[in-house]
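Participant: Below is the sequence, then the predicted model.
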Amino acid sequence: MKKIVLAIILLSNSITFTLKADEGMWLPIFLKALNEADMQSKGLKLTADDIYNINKSSLKDAIVHFGGGCTGEIISDKGLLLTNHHCGYGQIQAHSTVENDLLTNGFWAKNQTEELPNPGLTATFIIRMEDVTAKVLANITEGMSDAEREKKILENISTITKEAVKDTHYGAYIRPFYYGNEYYMFVTETFRDVRLVGAPPSSIGKFGGDTDNWMWPRHTGDFSIFRVYANKDNKPADYSKDNVPYQPKYVIPISLKGIQEGDFTMVYGFPGRTSEYLTSFAVDMIQNVSDPAKVKIRETKLAILDKDMKANDKVRIQYSAKYASIANYWKKWDGERNGLKKADAINKKKLFEQDFLAKVNTDDLAKSNYGNLLSDLENKYKSFSNYNNQRDYFIEAILGIEAVGFAYSYTAVIDALSSGKKAAEIQKDIDRLKSNATTFFKDYNATTDEKVCAALLKLVYDNIPKNEQADIFNEIEKKHKADFNKYAQSIYSKSFFTSEESILKFLNNPEGNYKKALKDPIYLLMKSCYSKFANDVLPQYNSLDIEITKLNRVYMKAMRELVTTKKYYPDANSTLRVTYGKVDGYYPKDGVKYNYYTTLDGIMEKENPSVDEFIVHPKLKELYNKKDYGQYADKSGELHVAFCASNHTTGGNSGSPVFNGNLELIGTNFDRNWEGTMSDIFYNPNQVRNIILDVRYTLFIVDKFAGAGYLLNEMKINK
Ligand code: ARG
Ligand code: ASP
């Protein structure tokens, strides 16, 4: 068998797109068939059954989807949950006040009664997963229209999920895989009482801030600890004083033994979204049009925010979270387009496509089924690229102006009033706008937004063809000679969407004021841009998107049929996956080699008391000076902070447990390297690394820094 496989690989010598080492986000139910042997040959000492099993407890019973966007892992028999600091950030912030600033100072509950509840926060376990393709596609016929097909699929999904959770407290969802060639169901158990147990100060949990974000070498102590609570029957329940710590089916053991370069690593979690099977046309659009446009727009906005934040403390606080979130994907897209270029992804995809076509052309049936597939996709992308670009500009630039997005939230109420509704009939909506206004203006600076408005509108004006611009641009050209600063100044001084006082005046007498709203210059700007987008961009974008997805579904099927030298893993879609690789450094550029781990010494090297992001906490410095690392020191005597490995991860994998070959916890995943951010589209094994917080640093901070060592008594620690 092996010989045959080898012969096929040698024969198809132009296939450069075969699966590279460590690439892949695998479905736990197929590990035994697809990966177990490979994993064991790379250092896994246990079996696929230990990772996923529905008949006895297994590792999967300790993995949770944390708040829907991150991953968390259970590390004690009393429901202790470990995740990233940036995953618990919202909760830590919500408990913070100026007097009791948990973000700045950190927080440690001294006992269970001090643990802090977080309304709305959930932790979801996977009870089981199942291939439901046949059931979802039952009664789907070739002759059906897209709409009929879609409707039938949704009906089937609803029947199957209802049946699956009948008479239980479980939930269930079904997701398409391989562009809808397959469907899998996930039965879930969601806990709704998840309390904050501890978090380091931001000077540890966010050390390096946005400067170091997406970067290796890294020194961020990016972790926080929560606890899952259940009712007396160990079942999910809303928050109650009477709830008790959840008793998990499985507790992850923690290893203090450390890691070596080349060691096997495995990540278990909920990766969000990847697109690994795109055509060269799609990658071309992303690398050369979409990413550059989004990067340019965000860069423009960030420069304005940065300047205003540096000049004024109030603005700095108002915009710090917004800045971080805009900067996160700005940096990711910039890394992505560079990484795609460096990996020569477009040409590699082209070579693969040539090879694919050659295969198609050797077989009459394949030729009739798939002969036009790639040229059809190429044609679709020719028009799609343009609509996608307009959509990018609308979302990033137009909606990047805060007042425009804010004004948009008034459309429904203003429309209702214009159509003759009385304010009393829509009082609920009006009240909601009132409370939203308070939240919005708390973190809003009109002067900053005015500058953003001028700069971003100018970007649209300079980069989108005239006939595709909203009518308002014509007016700005005529009335203001395309001077966007003047235009912004005039609308921000007249609009009532730029101050809480004026907007509340409106909301206190909406019937008397809505006619004024219809003439408000920011409202008019929003209306003009929005109607252009809704009429001339979105419908075309959506219909092309549907057609492309359909073609991709066929392409995916054809690749799996014809190019059999490759193991196909489904794109990430926020479902539970396993990915494995090894501890490994890399060469970021010619002549430079990055080591695979960082240490506390590196934190001291980065220390800069005059830059917020690089302030080192005095207590941490004291421990460093005394070299008081206890059992957390490496054999070498150093205290390791983070390490990097070749696991294929993406957004959503944050907080994921990272295991050694014995399936002991060695760290918590929290980021990727900048050079490797293109891995969502194209995995380049030389450059793609995930960034992991060494669990020894986590426990060092809990124990030595925070003095919360009592938590360690709950854990299973292997020395
Ligand atoms: N880049 C990491 C991930 O996408 C961490 C983001 C949070 N940290 C930050 N400095 N913004 O999501
Ligand atoms: N930092 C990301 C997250 O929050 C992980 C990544 O994109 O690699 O999920």
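Facilitator: Structure received. Residues are numbered from 1 along each chain as shown. Ligands and ions are numbered 1, 2, ... in the order given.
Participant: how near is the residue of the chain found nearest ligand 2 to S96?
Facilitator: Of all residues in the chain, the one sitting closest to ligand 2 is S654 (3.0 Å; C-beta to the nearest ligand atom). Every residue, glycine included, has its C-beta placed from N, CA and C. As judged by C-beta to C-beta, to the nearest Å, S654 and S96 stand 21 Å apart.
Participant: who's more crowded, these two?
Facilitator: More neighbours surround S654 than the other of S654 and S96, with 27 against 15 (other C-beta atoms under 10 Å).
Participant: Confirm that one sits in a helix?
Facilitator: No: counting by DSSP: H, G, I helix; E, B strand; the rest coil, S654 is not part of a helix but coil.
Participant: Can you report how many residues lie near the residue of the stretch 151-300 of the chain found nearest ligand 1?
Facilitator: Nearest residue of the stretch 151-300 of the chain to ligand 1, counting by C-beta to the nearest ligand atom: N213, 3.8 Å away. As a burial measure, N213 scores 19 neighbours (other C-beta under 10 Å).
Participant: so it touches S325, yeah?
Facilitator: No: using C-beta atoms under 8 Å, N213 makes no contact with S325, being 10.9 Å away.
Participant: tell me which residues in stretch 28-42 are buried?
Facilitator: P28, I29, F30, L31, L34, N35, E36, M39, K42 (16 or more other C-beta atoms under 10 Å).
Participant: Off-centre distance for that stretch?
Facilitator: Between the centre of stretch 28-42 and the centre of its chain there are 26 Å (C-alpha atoms, centre = their mean, to the nearest Å).
Participant: Would you work out how far apart the start and end of it are?
Facilitator: From its first residue to its last, stretch 28-42 covers 18 Å (C-alpha to C-alpha, to the nearest Å).
Participant: tell me how far the biggest helix by length in the chain is from the chain's mean position?
Facilitator: For the chain, the helix with the greatest residue count under DSSP state H is helix 313-342. Taking the mean of its C-alpha atoms, helix 313-342 sits 13 Å from the chain's own mean (C-alpha atoms, centre = their mean).
Participant: now do stretch 190-203
Facilitator: Worked out by C-alpha atoms, centre = their mean, stretch 190-203 lies 19 Å from the chain centre.
Participant: Around ligand 2, pick out the residues from the protein.
Facilitator: Contact residues, the chain versus ligand 2 (C-beta under 6 Å from any ligand atom): T649, T650, G651, G652, N653, S654, F670, D671, R672.
Participant: give me that answer again for 5 Å
Facilitator: Within the chain, the residues that sit near ligand 2 (C-beta under 5 Å from any ligand atom) are T649, G651, S654, D671, R672.
Participant: In PyMOL, how would I select just the buried ones from those residues?
Facilitator: To isolate the buried members of these in PyMOL, using 16+ other C-beta under 10 Å:
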select buried, resi 649+651+654+671+672
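Participant: among the residues of the chain next to ligand 2, which are in reach of ligand 1?
Facilitator: D671.
Participant: Excluding chain neighbours, what is closest to N669?
Facilitator: S656 (4.2 Å; C-beta to C-beta, 6 or more residues apart in numbering).
Participant: so what's the one you found up against?
Facilitator: I63, T71, E73, V267, Y268, G269, F270, T649, T668, N669 (C-beta atoms under 8 Å, 6 or more residues apart in numbering).
Participant: Return the backbone torsion pair for the residue of the chain most remote from its centre.
Facilitator: Going by C-alpha atoms, centre = their mean, the residue of the chain most distant from its centre is G512, 44.0 Å out. When read as degrees, to the nearest 10, the backbone of G512 gives phi -70, psi -20.
Participant: So, low pLDDT: which residues of the chain?
Facilitator: Where the chain drops to pLDDT under 70, the residues are 1-20.
Participant: So what does Y173 have for phi and psi?
Facilitator: With angles defined as degrees, to the nearest 10, Y173 sits at phi -140, psi 160.
Participant: Surely I174 is in a strand?
Facilitator: Yes: under three-state DSSP, I174 sits within a strand.
Participant: you'd agree it is up against T188?
Facilitator: No: in this structure, I174 is not within contact of T188 by C-beta under 8 Å, at 11.6 Å.
Participant: tell me what the longest helix of the chain is packed against?
Facilitator: helix 209-212, helix 291-311 (3 or more C-beta pairs under 8 Å, 6 or more residues apart in numbering; DSSP states H and E).
Participant: tilt between the last one and helix 313-342?
Facilitator: Interaxial angle, helix 291-311 versus helix 313-342 (axes from the mean of the first three to the mean of the last three C-alpha atoms, to 10 degrees): 160 degrees.
Participant: residues near the residue of the stretch 301-450 of the chain found nearest ligand 1, how many?
Facilitator: Ligand 1 sits closest to A324 of the stretch 301-450 of the chain, with a gap of 4.0 Å, by C-beta to the nearest ligand atom. Each residue near A324 was counted by other C-beta under 10 Å, and the total is 15.
Participant: right, and it touches T211 too?
Facilitator: No: contact criterion C-beta under 8 Å: A324 and T211 do not qualify, at 11.3 Å.
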